[in-house]
Every structure is written in C-alpha cells, then in structure tokens.
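>>> here is my input; please provide its structure:
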Amino acid sequence: MSQQTVAVLGLGNMGGPMAANLAAAGYHVVGYDPVPAANEAAVARGVEVVPSAVEAVADASVVITMLPSGGHVIDAYKGPDGILAAAAPGTVFVDCSTIAVEDARAAAELAHEAGHRALDAPVSGGVGGAEAGTLTLMIGGSETDLDAVRPVLEVVSGRLVHCGESGAGQAAKICNNMILGISMIAVSEAFVLGERLGLSHQALFDVASTASGQCWALTTNCPVPGPVPTSPANRDYQPGFASPLMLKDLKLAMQAADSTSTEARIGALAAAIYTDFAFGPGRELDFSAVVQDIRDRSQSGD
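Take a look at the predicted model:
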C-alpha cells in the first residue's frame, strides 16, 4: 500500500506541529510556508518542504490549510494558478484557519465547483494542543467527506465534532471564542478586584475553581501566576493564544452578530477591550495578559 500524501499549507505555530505529528504518524507530508524559519523547523521534524503551494498539493489526497484570513484562503484556492486547479480531482481540502462563516462557505463552493471535497475545520487548543495532537476540531461539511479524512484528522486532534454543513465549524469556533474572550475579561477583573480587597490569588482560585465561577479561562489559562503552573501567566504571558488572535476572533463574532441582527452587547464590549489591548501593550502577549491592562487602568483611575 502506497504512503498517503498530505499537504499542509501554513507551517507556523499551529500548522507546523500539526504537519510534524502527521509525519511522525507515517504520512508523507509536503508543506509550504512563505516564512523560511517555519520551513526549516518543519524539515527538522520530517516534513518535505517545497517552493510553492501549487507544488505541495500536486500529489496530495488531503490538503490542510492554516492561513491568516479568509482572503488568504480564497486567494490560495481560486484561479488557474491556484491550488484547486493544481490538485488531483476529488482531493479533500480541509481548512483549519479561523475565518468568517461566509468565507468558509465561499471556499467550499469553490472547491466543489473544481471537483473537490471540502471541510472547514477550525481548531481549539492552542499551540500546546497542536504539539500534543490533542486539538478539538470543529467540522463543517458533509459527514461523508469527514469520514474520508477522519484517520488523518485524528492524528492532530483529541476530538472531532461534526457541527453541520459548510461554515458550521467556523460558526462554532467564533461562538466558542466569544465566550472565551468574555470569560477571560471577567476572570481578570475578578482577580484585580480581589487584589484590591486584600484577597490572595490562591484563595480566590480555590473558591472560584470549585464554585459557580469555574471556567476554562480560570482553571486552564489562569491570568495570574501561581494557581495553574502551566498557564502563560507563569512565563511572562508568552502566548499560547496571542491577544491579536483573540481580537481577530471577536471581530469575526461581531461581524456575524451584525449580519444576523443578534444582540451581543458583552461580546462587543470584549471586542473593544481587546482592540485597545491587542494594538497596545498586549500585541505580543497571551490574551490572558489583559489582566495587566485591567490592573494598570484600575491604578490610574481610567
């Protein structure tokens, strides 16, 4: 039986470890990234790197994309020089980027028109999950197409959730991350309030982590050092999940809320808070570092 070829386009913090895990599992992984350092890291972990995305997909039965935006995905897909034209008929395109629902549906339509299959499969779990192969993938597309690539996706994930037809994976991702952004701000505000009331971080954590305030932002990504030793707060807020990425997801959620006439006042406020933070002191920090901004504003009276 010949070795199955999987193309991975985008070998950064998420795509790089995913490609490496596939190579370690015995797949022939062909990758492409415009950043030389990303390519070098991938080669060191068993990925064959080629000079272009078109070359990467030529012999692949599965193409995984992890790109910055919907525009990047659609631009990569379309046209006579795009990856859809370069791939063999019936290739399964799995887009793991986080993009707008309408962009995911447009990308799937392009793939179908070109004679291919398509899934939107945004991920949750951060760099740690990508390295460990324990990501949660939220899948939009047909169950049949998911079954065709399930063995490949199970290598990079701890859980696959089929959310519905094309775009449903992206819908689930932005709704989830709206909850996450809001809850991280709430947890951070509670810790700063606790500090000002003389409450230790550990005491608040011990109460809230086993009471009604329990949430992932508290128990896994705790925004203050100490209570959760593995959280980014214990390594000077090196991301994990960078603040600009949280802002991107909140903006996608707010665009979706506007387009569906959904009232999302707290989501909009969270997006405004992360806009200030991600374009300012949090540009290169984990999204949980918003606690520092809340603390600074509390001290200054802003």
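>>> can you give me the helices for the stretch 151-300 of the chain?
With DSSP state H, counting those that start in this stretch, the ranges of helices along the stretch 151-300 of the chain come out as 168-196, 201-208, 216-219, 243-259, 265-278, 290-300.
>>> other SSEs contacting the third one?
In this case it means helix 216-219. The contact analysis (3 or more C-beta pairs under 8 Å, 6 or more residues apart in numbering; DSSP states H and E) places helix 216-219 against helix 168-196. For every residue, glycine as well, the C-beta is placed using N, CA and C.
>>> try 10 Å
Packed against helix 216-219 by the contact rule (3 or more C-beta pairs under 10 Å, 6 or more residues apart in numbering; DSSP states H and E) you find helix 168-196, helix 201-208.
>>> so which of these is the most packed in?
Mean neighbour count (mean count of other C-beta atoms under 10 Å) peaks for helix 168-196 among those, with a mean of 21.
>>> quick check: angle from that one to helix 243-259?
Counting by axes from the mean of the first three to the mean of the last three C-alpha atoms, to 10 degrees, helix 168-196 lies at 120 degrees to helix 243-259.
>>> from here on, count from 8
Noted, 8 is the first residue going forward, which turns the last one into helix 175-203.
>>> for residue 155, phi and psi?
Backbone geometry at residue 155, expressed as degrees, to the nearest 10, gives phi -70, psi -30.
>>> now do the contacts for residue 160.
Contacts for residue 160 (C-beta atoms under 10 Å, 6 or more residues apart in numbering) come out as 25, 29, 69, 71, 99, 101, 103, 126, 128, 130, 142, 144, 146, 153, 167.
>>> so which of those residues are in strands?
Using DSSP state E, 69, 71, 99, 101, 126, 130, 142, 144, 146, 167 are the members of those that sit in strands.
>>> rewinding a little: kindly reformat the helices and strands packed on helix 223-226 as TSV and extend each row with distance to residue 256 and mean pLDDT.
Shown next, in TSV, are those (distance: least, C-beta to C-beta, whole Å; pLDDT from 0 to 100):
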stretch	distance to residue 256	mean pLDDT
helix 175-203	4	97
helix 208-215	24	98
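>>> looking at those helices, spot the one closest to residue 246.
helix 175-203 (12.8 Å; C-beta to C-beta).
>>> quick one: work out the angle between the closest one and helix 272-285.
Using the same axes, to 10 degrees: helix 175-203 against helix 272-285 is 70 degrees.
>>> these two touch, right, residue 32 and residue 140?
Yes: between residue 32 and residue 140 there is a contact under C-beta atoms under 10 Å: 8.5 Å.
>>> who touches the residue minimising distance to the centre of the chain in this structure?
In the chain, the residue lying closest to the centroid (C-alpha atoms, centre = their mean) is residue 130, at 4.7 Å. Residue 130 sits next to 21-22, 25, 73, 103-105, 136-137, 142-145, 160, 163-164, 176, 180 when contact means C-beta under 10 Å, 6+ apart.
>>> now do 7 Å
Residues near residue 130 by C-beta atoms under 7 Å, 6 or more residues apart in numbering: 21, 103, 142, 143, 144.
>>> measure residue 152 to residue 263 for me?
The gap separating residue 152 from residue 263 is 24 Å, by C-beta to C-beta, to the nearest Å.
>>> shared neighbours, residue 32 and residue 140?
What both residue 32 and residue 140 touch, as defined by C-beta under 7 Å, 6+ apart, is the set residue 162.
>>> tell me which of these two has more neighbours.
Set residue 32 next to residue 140 and count neighbours by other C-beta atoms under 10 Å: residue 140 wins out with 19 against 15.
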